[in-house]
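> Structure here, sequence nowhere to be found:
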């Protein structure tokens, strides 16, 4: 066994992140200018699937309640499983909507709009003044980018006190120069890309992934991996307790450990990033109200207010004009962080997830 743990490998992608500690206490939701293009629609309501925890808290203060005040349309945030594609398909096929829209990833959008049937509305908001400022890589006809998430290498600074600290994926593989207990994700997504970059593949050449090369690279480090983690909570606990010196992790978990006082640092070089989007369920009778909400939530200054709660992956470049510098440096889309990152190729994983899962599951047990 390559793993010192016995947890079984799930064929379902566990949640990237859960709640992270609020960065700076409460936020007064200042009212920003907003032009409502139809009647105030008193009595209307939209239900939005979000990530729960700090996201629901921050979105309530920054988006939901101010939107209701501006338009008369109530917004209810509902937490649900990560990547709830099956739930969305069921609602659309039944024509019965528990939610009107959802915050979902680019891979989820592809799953919901490929194969001959579309389960999401085409939002048609590309020409909106604010939405037009969002970089194309965060946009699709079915989703408006709202948050960028990253996978990074995190390490305990006390484990490297007085010597060189890890600075790349190669450091995780280099046990001689960077000794200490190590942990990686027990799942091929992200892990394959990390293995290729550690083996010297430039970010521009990672896709399509050379699986043979990736597994040869993993063979070199596997005996040095002390824990193959399966949940974000597990990562946070290991970083907080000092159980491991370094770990591949969703950045929110490292940030949460840091916010709780753990001596943790993040390596942003060659981070892997993806984008969550506001998407509208196909056929919902409240689609127009959802479009108004998306426009409202895409204002750069309003988006910047999220950073009073957590270092959000802001999709509006102009938003950084309104963010405190010490917080901006921890945001996934801060220019210095994103410029060396690798945008996850959602189409590649849509086409190759079964092959990679089968091979990884077999490899991890040998």
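Yep, it's here. Being a predicted model, the structure only gives us computed values, none of them experimental.

> just for the protein, where's the confidence low?
For the chain, the stretches flagged by pLDDT under 70 are 1-43, 81-82.

> cutoff 50 now
1-42 (pLDDT under 50).

> beta partners for the residue nearest in space to the middle of it?
Centroid-nearest residue in the chain: residue 149, 2.9 Å away (criterion: C-alpha atoms, centre = their mean). For residue 149, the beta-bridge partners are residue 274 (DSSP bridges).

> Distance check, it against residue 315.
Counting by C-beta to C-beta, to the nearest Å, the gap from residue 149 to residue 315 is 11 Å. Heads up, the C-betas are built off the backbone N, CA and C, glycines and all.

> do the same with residue 271
To residue 315, residue 271 is 16 Å away according to C-beta to C-beta.

> what sits against residue 101?
Listed by C-beta atoms under 8 Å, 6 or more residues apart in numbering, the contact set of residue 101 reads 46, 47, 48, 49, 278, 279, 280, 281, 284, 290, 293, 294.

> So which of those residues belong to helices?
Of the contacts of residue 101, the ones assigned to helices by DSSP state H are 290, 293, 294.

> ok, residue 271 and residue 315, which is more surrounded?
More crowded of residue 271 and residue 315, by other C-beta atoms under 10 Å: residue 315, with 25 against 22.

> Contacts only, for the more buried one.
134, 135, 138, 145, 146, 147, 148, 275, 303, 333.

> Helix, strand or coil: sort out it for me.
At residue 315, secondary structure determined by DSSP: H, G, I helix; E, B strand; the rest coil is coil.

> Distance-wise, check the residue nearest to it when sequence neighbours are not counted relative to residue 100.
Take residue 315 and drop its neighbours on the chain: the residue closest to it by C-beta to C-beta, 6 or more residues apart in numbering is residue 145, 4.1 Å away. To residue 100, residue 145 is 19 Å away according to C-beta to C-beta.

> What ranges does this protein have for its helices?
Using DSSP H, the helices of the chain run over 53-59, 65-71, 85-94, 106-113, 169-173, 188-198, 211-221, 232-241, 251-259, 287-297, 300-304, 325-328, 335-338, 346-364.

> What's the local residue count around the residue nearest to residue 315?
Neighbourhood size, residue 145 [other C-beta under 10 Å]: 24.

> thinking it is in contact with residue 275, fair?
Yes: the criterion here is C-beta atoms under 8 Å, and residue 145 meets it with residue 275 at 4.7 Å.

> Which neighbours do these two have in common?
137, 138, 315.

> Quick check: of these, which lies closest to residue 364?
Proximity of these to residue 364 (C-beta to C-beta) peaks at residue 137, which lies at 31.7 Å.

> For the closest one, give its distance to residue 145.
Counting by C-beta to C-beta, the gap from residue 137 to residue 145 is 8 Å.

> Now do the shared contacts for the two.
Common neighbours of residue 137 and residue 145, counting by C-beta under 8 Å, 6+ apart, are residue 275.

> these two touch, right, residue 344 and residue 276?
No: counting by C-beta under 8 Å, residue 344 does not reach residue 276; the two are 11.9 Å apart.

> between those two, who's got more neighbours?
Taking neighbours as other C-beta under 10 Å, residue 344 and residue 276 compare with residue 276 leading, 25 against 22.

> any idea what sits nearest that one, other than its immediate chain neighbours?
residue 147 (4.5 Å).

> Likewise for residue 164?
Excluding the flanking residues, the one nearest residue 164 by C-beta to C-beta, 6+ apart is residue 177, at 6.9 Å.

> burial count for residue 95?
10.

> For the closest residue to it other than its chain neighbours, give its distance to residue 121.
Spatial nearest neighbour of residue 95, excluding adjacent residues (C-beta to C-beta, 6+ apart): residue 283 at 6.3 Å. Distance of residue 283 to residue 121, computed by C-beta to C-beta: 8 Å.

> Residue 229 versus residue 62, what's the distance?
Counting by C-beta to C-beta, the gap between residue 62 and residue 229 amounts to 31 Å.

> How about residue 127?
Separation of residue 127 from residue 229 (C-beta to C-beta): 43 Å.

> between these two, which one's more packed in?
Legend: neighbour count by other C-beta under 10 Å for residue 127 and residue 229, higher for residue 229 (25 against 7).

> picking up where we left off before, from the contacts of residue 101, which single one is nearest residue 194?
Nearest to residue 194 out of the contacts of residue 101 is residue 279 (C-beta to C-beta; 28.2 Å).

> List the buried residues of stretch 201-209.
Residues of stretch 201-209 classed as buried by neighbour count (16 or more other C-beta atoms under 10 Å): 201, 203, 206, 207, 209.

> thinking again about what came up before, ok, now which ones touch the residue nearest to residue 315?
Applying C-beta under 8 Å, 6+ apart, the residues contacting residue 145 are 134, 135, 137, 138, 139, 275, 276, 277, 315.
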